[in-house]
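Trainee: What shape does this take:
(one chain, ligands or ions: 2)
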Amino acid sequence: MPEAALTPMMQQYQRIRRELAADTLLLFRLGDFYEMFFEDARNAAAILNVALTRRGQVPMCGVPYHAAEGYIAKLVKAGRRVAICDQIGEATPGKIVRREVTQIVSPGTISDLNLLDAKRNNYLAAIGLHKKQIGFAYLDTSTGEFEMTELPDAAALEDELARVRPSEILIGDGPQRQAIPLDLPSVVECDGYLFIPEQAEHTLCEHFAVQSLDGFGGTGMTAAIGAAGAIVHYLKHQMRRQIGHVTRLKVYRRSSSMIVDAASQANLELVESRGARDMSLLAALDRTLTPMGGRLLRHWVLHPLCETAPLLERQQTVALILEDPALLNAVRESLKGIRDIERGLGRLSQAGGNPRDLLALKNSLDQLPDLRARFSPLATPRPGEQPSLGPAIHAALREFPELSCELERALVDEPPIALKDGGIFRDGYHPQLDEWRAACRDGKQWIAALQQREIEATGIKSLKIKFTNVFGYFIEVTKANLASVPEHYIRKQTTVNSERFITPELKEMEGKILGAEERSKALEYELFGELRTRILHDSVALQETAGAIGLLDLLCSLAEVARLFNYIRPKLHDGLSITLRDGRHPVLDQSLAEEKFVPNDTELDGVNSRLQIITGPNMAGKSTYIRQVALIVLMAQIGSFVPAAAAEIGVVDRIFTRVGASDDLSRGQSTFMVEMNETANILNNATERSLVILDEIGRGTSTFDGLSIAWSVAEYLHDELKARTLFATHYHELTELELTRKGVKNYNVAVREWNDQIIFLRKIIPGGADKSYGIQVARLAGLPKRVISRAKEVLGNLEQSELNADGKPLIAEEPARLSAARRRAQNRENRPQLSLF
Ligand code: ADP
Ligand code: MG
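Mentor: Numbering: from 1, shown residues only. Ligands and ions are numbered 1, 2, ... in the order given. Prediction:
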């Protein structure tokens with residue numbers, strides 16, 4: 001549509017629209033509605049399920065102003081960015097009112113607590129390329145946490161993305177975008193210029209008010225600096241945010257924590273589980289009481305450590321807390337009263353915040369003196385003992401007596417959410433405010449007295465003085481009494497049953513009251529701003545305190561879980577052996593209702609028992625057992641106690657898990673290729689220090705193919721990589737490996753047959769399973785009797801034909817057809833494009 005043909009209002013719309021990125025929805029304030037036009041209207045109508053209408057030729061849809069919040073939330077949850085354009089200033093006749101974008105909301109930059117998951121960070125990330133390095137940075141605008149790193153390749157980037165799970169990702173347009181071939185959700189393409197290291201460094205130095213970034217330890221990380229700078233620029237200039245609460249930029253290196261790739265994270269159900277009930281490890285460990293603690297625990301679960309020193313420090317802290325149950329209870333009691341200090345600060349800084357944010361902060365600060373006192377037994381280092389985190393936590397936990405006092409003096413007991421309607425501050429807080437409030441109160445009393453006077457003067461008993469927003473104060477007289485209305489009343493309005501009048505003296509007082517009210521509201525708004533500035537002045541100390549609270553809460557949560565479920569402190573060492581006595585699966589151990597969880601021992605030593613082949617019927621407990629070992633190791637490497645009677649754990653550098661295709665239906669992909677990709681990843685990256693969990697690999701293809709692959713993968717792990725491996729499989733043939741290889745040990749899950757029934761004992765015992773009991777399991781599942789008995793017959797025939805002339809099984813040490821399969825596989829090894837074998 002040519003611009004000249006548009007109304008001035010639509011021209012204004014087009015101008016504002018042009019300044020926004022194409023995929024941002026523009027909500028344009030028109031009277032009592034926010035309207036969307038053109039493509040925006042079509043998109044939004046579908047997401048919001050509201051009617052699409054037309055204004056002339058232009059498609060449009062709108063949402064009422066007073067209910068906009070809910071609609072905006074819905075759009076953002078659907079992954080859209082929303083620009084809110086408001087009317088600025090008063091309308092003058094003949095001119096259109098000025099409008100401006102006052103706020104842009106996007107999935108990665110939400111500050112509204114109602115839209116955020118308290119126990120999960122919400123990250124805005126950026127990916128920048130420079131000199132073959134991938135720079136990766138992410139910022140939680142709601143808390144101010146800001147981190148950056150550099151990654152060598154796309155696979156590493158994928159792992160980081162799986163851990164961080166940003167809600168929004170910035171990428172430079174053009175070549176940058178093309179160089180990152182990942183299929184990413186909610187990508188925002190930005191001007192590539194923002195990612196240029198010099199430009200980005202300038203942006204960052206300006207934001208942090210520093211000369212150089214050396215103090216952050218990011219020297220030379222040009223790609224990472226590019227990404228971090230792009231985030232700051234985007235927030236300040238495109239999103240128009242105030243981000244004073246972002247006071248630090250942390251550099252991290254992947255090598256400092258254990259990499260848990262995306263597949264392993266999912267397979268082990270670390271932070272999310274597949275079923276409806278949350279059966280994740282995180283849920284089992286989470287007894288945190290504050291959002292800060294909840295978020296930190298999640299971070300720890302996704303970033304286990306590989307070095308023993310910091311782990312021992314964490315363990316020691318948990319141990320000291322556990323030793324003193326009274327301290328644990330008391331500290332947890334204080335923690336209960338603490339709200340989301342980090343996000344509260346974030347809101348005050350970015351969005352301005354509201355009086356309730358101040359109240360939440362005050363309530364949290366009020367807990368600090370008690371919390372510190374209760375924790376103080378752990379504040380001093382104990383000579384001769386393992387160092388703990390106690391002293392550092394105690395030092396970082398500050399008290400804010402003045403701020404606390406100020407908030408106490410300032411805020412009424414239950415301040416409103418709205419900022420502009422006053423009622424926030426206590427009487428006595430500010431003399432001018434008191435004066436105006438008194439003027440208001442006096443005025444209202446005067447009006448009450450006036451009503452009495454007028455009743456007496458006119459003799460109309462039902463005369464009332466009322467107030468509405470539209471008309472202000474007026475005298476209301478019912479129709480029956482109109483005859484007694486005095487001359488000097490000025491008629492204003494007629495309603496069904498009454499007439500409304502004013503008098504000059506009433507209007508004069510109204511002016512005084514409304515003026516005082518107006519002024520006191522404006523003053524409250526101003527005072528709120530001052531208080532907010534005062535709080536933000538302490539941002540750094542408050543953030544540090546919030547961090548210490550999170551850490552303390554998390555450690556108490558680990559202690560609490562250890563106390564509730566009888567966990568023990570694992571002995572960590574740098575050797576290769578993993579020994580568990582009576583280990584339990586941390587999630588099932590808590591959740592099994594009827595059955596009691598049966599504990600099992602584990603002995604992996606890197607030499608004589610490096611690769612365990614675990615066989616046994618379906619449903620016996622193979623998958624549970626191998627995951628339990630992985631989870632116990634992972635728990636030990638976040639510093640937690642573990643569900644076992646005794647544990648000695650040689651720290652691992654990575655945990656790999658692979659679940660065979662047919663066991664993995666919930667992922668709903670054509671899975672054999674996925675399975676092989678993930679297996680390739682393991683074989684290319686596992687080391688002697690890794691722990692590998694393989695669950696039924698090779699299932700997604702024909703039996704012989706699958707068996708051959710499983711066989712050669714097992715050999716490769718044992719012979720070449722020497723990684724500690726637990727391999728659950730239904731291929732009994734694999735147990736033959738034990739005969740020829742020193743480090744292979746066979747185990748099976750004990751079952752007992754009774755009256756042709758099968759009873760699961762859940763005990764892992766040495767040796768391979770002799771039968772697969774598939775038919776018994778089928779019977780348990782309720783297959784018709786005839787099918788069961790026919791299956792037995794067929795099985796009998798098959799077993800007969802599998803025996804050769806001297807009665808030995810066909811599959812001996814390495815059967816002929818397997819050798820052929822292996823030769824085929826080995827041939828493939830020489831082909832460069834296949835990295836699997
Ligand atoms: P498999 O992999 O051998 O088919 P699973 O490990 O999936 O078997 O276990 C099947 C079910 O058996 C689990 O869902 C759990 O309820 C139960 N189970 C497994 N191990 C144990 C155990 N050690 N103690 C009690 N119940 C167990
Ligand atoms: Mg299984």
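Trainee: Name whatever forms a beta bridge with residue 83.
Mentor: residue 26, residue 104 (DSSP bridges).
Trainee: dump the residue contacts of residue 36.
Mentor: Contacts were defined as CB atoms under 8 Å, 6 or more residues apart in numbering; by that measure residue 36 touches 25-28, 44, 60-62. C-betas here are computed from N, CA, C, even on glycine.
Trainee: Is it in a helix, a strand, or coil?
Mentor: strand (DSSP: H, G, I helix; E, B strand; the rest coil).
Trainee: And residue 707, by the same measure?
Mentor: Per three-state DSSP, residue 707 ends up helix.
Trainee: which non-adjacent residue is nearest it?
Mentor: Distance criterion CB to CB, 6 or more residues apart in numbering; nearest residue to residue 707, sequence neighbours excluded, is residue 731 at 5.0 Å.
Trainee: In this structure that neighbour contacts residue 705, no?
Mentor: No: the pair residue 731 / residue 705 is not scored as a contact, 11.5 Å apart, by CB atoms under 8 Å.
Trainee: Between these two, which has more neighbouring residues?
Mentor: residue 731 (23 against 15; other CB atoms under 10 Å).
Trainee: From residue 148, how far out is the more buried one?
Mentor: 46 Å (CB to CB, to the nearest Å).
Trainee: quick one, strands of the stretch 1-150 of the chain?
Mentor: For the stretch 1-150 of the chain, the strands defined by DSSP state E, counting those that start in this stretch cover 24-30, 33-37, 53-55, 58-64, 81-88, 98-105, 124-130, 133-139, 146-151.
Trainee: Report the inter-axis angle for the fifth one versus strand 33-37.
Mentor: Okay, so that is strand 81-88. Angle, strand 81-88 to strand 33-37, by axes from the mean of the first three to the mean of the last three CA atoms, to 10 degrees: 130 degrees.
Trainee: Determine the set of other helices and strands touching the host helix or strand of residue 404.
Mentor: Per DSSP states H and E, residue 404 falls inside helix 401-410. Contact partners of helix 401-410 among helices and strands, from 3 or more CB pairs under 8 Å, 6 or more residues apart in numbering; DSSP states H and E: helix 355-375, helix 504-537.
Trainee: What mean pLDDT does that helix get?
Mentor: Averaging pLDDT along helix 401-410 yields 95.
Trainee: Burial check on the residue of the stretch 1-150 of the chain found nearest ligand 1, number of neighbours?
Mentor: Using CB to the nearest ligand atom, the single residue of the stretch 1-150 of the chain nearest to ligand 1 is residue 119, 26.3 Å away. For residue 119, the count of nearby residues is 17 (other CB under 10 Å).
Trainee: got it, and the one 3 residues further on?
Mentor: By other CB under 10 Å, 23 other residues sit near residue 122.
Trainee: element containing the closest residue to the residue of the stretch 1-150 of the chain closest to ligand 1 other than its chain neighbours, please.
Mentor: For residue 119, ignoring the flanking residues on the chain, the nearest one in space by CB to CB, 6+ apart is residue 294 at 3.2 Å. According to DSSP H and E, residue 294 maps onto helix 291-302.
Trainee: The helix or strand following that helix: which residues count as buried?
Mentor: The element immediately downstream of helix 291-302 (helix or strand, assigned by DSSP H and E) is helix 308-323. Using 16 or more other CB atoms under 10 Å as the test for burial, helix 308-323 gives 308, 311-322.
Trainee: This structure against ligand 1: which residues are in contact?
Mentor: Within reach of ligand 1 by CB under 6 Å from any ligand atom, the chain has these residues: 588, 592, 595, 597-598, 616, 618-624, 762.
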